[in-house]
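Q: What follows is a protein structure lacking sequence information:
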Ligand SMILES: C[S@@+](CC[C@H](N)C(=O)[O-])C[C@H]1O[C@@H](n2cnc3c(N)ncnc32)[C@H](O)[C@@H]1O
């Protein structure tokens, strides 16, 4: 096993180097991911096919602001696959405000993830109305947005304005499903990036292929 | 300078940055929500503020509204202040004595967040529209199972009494006969009790004596009868579900039910996810709900967009000539969204909605009485929508002639229904398309009729029971299982080579 940056770890499993995080709640599985114990520490394999953040790492992500202590606002928690790994990484003194509005998935998220992890603040509300979030306070280091809405960039920016620190990082998952499979997705990403330029410094943009067919991850820094 | 700050754990009155007085919540989730819903009483706080007799700034709109109701002189904080409250919330909570230190605050806030989220989940789970959706989905599921079992029953009991298969079209009727036992124990009385008309009873009795079927052992028969029993039970359950959906829809979505009918309404509701979500969807989305694949295909390839999805089941839509259907579907969808909105706000039945729709549909009927050249040239690509969903026929608006055709055709499809249903499971659009071809190939010039057949299918489904005894037997037998399977693989094969 090789330590990368204190945040996530490469572990050999089934003959391959796989990415993993140290389980904040030993014994607890979130999405049937494999648990591996090395030197008395339990790790959870982090599936890049299930988590776009892991896919970004696999595809060479350079900016990785999540570490011990980090405060994160996460929009689109869904059932908590990615949130759970971020929760592992930020540790007991970090904090993840996890916003999700669909109550069906929120139910699973609460049962499987939020109730077991004391660094998660579940927020069952609409990301379009950040003013009404309950139980959010202060500013965060990172805003992570994966809500797959047509107006998601605007929603994301509004949230950054309210909650992201100056120089904080912004992760935006862009869904590029579109008419022309070869050309159009790139253009869609570019268009979304254009919307950000004024307020953000674009750091990188990562195609998630082959882990995710039609998604890209954009990482930007909040200038404001 | 007084300010009133709402936190998850209580309300604090500050004066010049110092806590003046605090009002902790004993049940934070409940009390906080009561304030957000502007239902809270807040007597203590109001009495306290009344004594101050000065304009106080308030951190929350809902709280402000409540205070104003009681004539407290107050205004909302400016942005800067609000931001300060937001960023120092944990400290405010400690200062107010709602928690003992920052660590404790965090724990309590999280407890609140969990409690609040859970209560919201619970609340949603109780909402009747979600229960209706489960009910209508169960109903579709039951049809799937019952149709499959019924084919099996016919095959199996058919070894003993093959002629019966072509005589009895209704699943329920067939199962009832099987329950009566072997051929030897069948009698006029049995047939009569199963509710067959006299002419049919005569014919059955005649055939009974000349059957070419083999013997069936007691043990085999008893198993076959168990299957028949299951089918009859499903039939009962189905009836119950149907009634339930019907009455619940009338109760929670009377307007939607008036526009779409309860069954189609419930299915559309299911696709939308909830009444609230449906109310927020654009009409154009409702119009094609259930035809998502065709929609994406059209976006991708530029082919014709679907004109209707689930709405195809709507009596007004599928009873109309092909070239009017898209227009009618649009009109229905537009009214359906309004209906859903009225229902969300619980304002009871609004009669004018339906009247307006009727007027509009009449208009369309007159204006587009004849197909344009284009309509004739180009048989519509996606005209079948999800018609094969086979909801109950709504409101009996369809005209008799057309339905007759449909019914007859529908009647022969007992064996096929399994496929039919399976297709709903996901392959819908693709399947539909190919099915059209298949049908087209099978009989000459049947296109128009065929469309009618849809109606029949649907009917048939609702009838599930006894209705269709007059079926055209010959036709039906030529439409047996084997053929169906053939076409099934056909469908698969053609799936990729479309157009
Ligand atoms: C693609 S999933 C997120 C997957 C998740 N990020 C992960 O990696 O495990 C998108 C989620 O965003 C949620 N969502 C969409 N719009 C939203 C909104 N306006 N507010 C809050 N959540 C939203 C959806 O309910 C859905 O669960």
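A: Happy to help now that I have it. This structure is a prediction, so every number in the text was calculated from the model and none was measured.
Q: okay, CA-based contacts and neighbour counts for the rest of this
A: Will do.
Q: for the closest residue to residue A:46 other than its chain neighbours, helix, strand, or coil?
A: In this structure, residue A:46 finds its nearest non-sequential neighbour in residue A:20, 4.7 Å apart by CA to CA, 6 or more residues apart in numbering or on different chains. In three-state terms, and counting by DSSP: H, G, I helix; E, B strand; the rest coil, residue A:20 is strand.
Q: Contacts only, for whatever residue of chain B ends up closest to chain A.
A: In chain B, the residue that lies nearest chain A is residue B:87 (3.8 Å; CA to the nearest CA). Listed by CA atoms under 8 Å, 6 or more residues apart in numbering or on different chains, the contact set of residue B:87 reads A:137-139.
Q: quick one, phi psi at it?
A: Note on residue B:87: its backbone torsions stand at phi -80, psi -20 [degrees, to the nearest 10].
Q: related to what we said a few turns ago, of the contacts of residue B:87, closest to chain B?
A: Distances from chain B to these, taken as CA to the nearest CA, are shortest for residue A:138 (3.8 Å).
Q: quick one: low-confidence ranges for chain B?
A: Low-confidence segments of chain B, defined by pLDDT under 70, are located at B:288, B:290-292, B:294, B:298, B:306, B:309, B:317, B:320, B:323, B:372-499.
Q: In it, where's the longest helix?
A: Secondary structure of chain B read by DSSP state H shows that its longest helix is helix B:218-252.
Q: Give me the next element, helix or strand, following the one helix or strand in chain A whose mean pLDDT sits lowest.
A: In chain A, the helix or strand scored least confidently by mean pLDDT, DSSP states H and E is strand A:2-3, which has a mean of 48. Where DSSP states H and E defines the elements, the next helix or strand beyond strand A:2-3 is strand A:9-13.
Q: Pull up the pairing partners for that next one, direction included.
A: The strands that strand A:9-13 pairs with in its sheet are strand A:2-3 (antiparallel), strand A:16-22 (antiparallel) (by DSSP bridges).
Q: same question for it, mean pLDDT?
A: Averaged across strand A:9-13, the pLDDT comes to 92.
Q: cool, and stretch A:44-52?
A: For stretch A:44-52, the per-residue pLDDT averages 97.
Q: For that stretch, buried residues please.
A: A:44-48, A:51-52 (16 or more other CA atoms under 10 Å in any protein chain shown).
Q: Kindly reformat these as a markdown table containing secondary structure.
A: A markdown table is the format used below for the buried residues of stretch A:44-52 (three-state DSSP):
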| residue | secondary structure |
| --- | --- |
| A:44 | strand |
| A:45 | strand |
| A:46 | coil |
| A:47 | coil |
| A:48 | coil |
| A:51 | coil |
| A:52 | helix |
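Q: Going by distance to the ligand, which of those wins?
A: Distance to the ligand, by CA to the nearest ligand atom, is smallest for residue A:51 among the buried residues of stretch A:44-52, at 4.6 Å.
Q: so what's the closest one up against?
A: A:81-82.
Q: if we go to 6 Å?
A: Taking CA atoms under 6 Å, 6 or more residues apart in numbering or on different chains as the criterion, residue A:51 is in contact with residue A:82.
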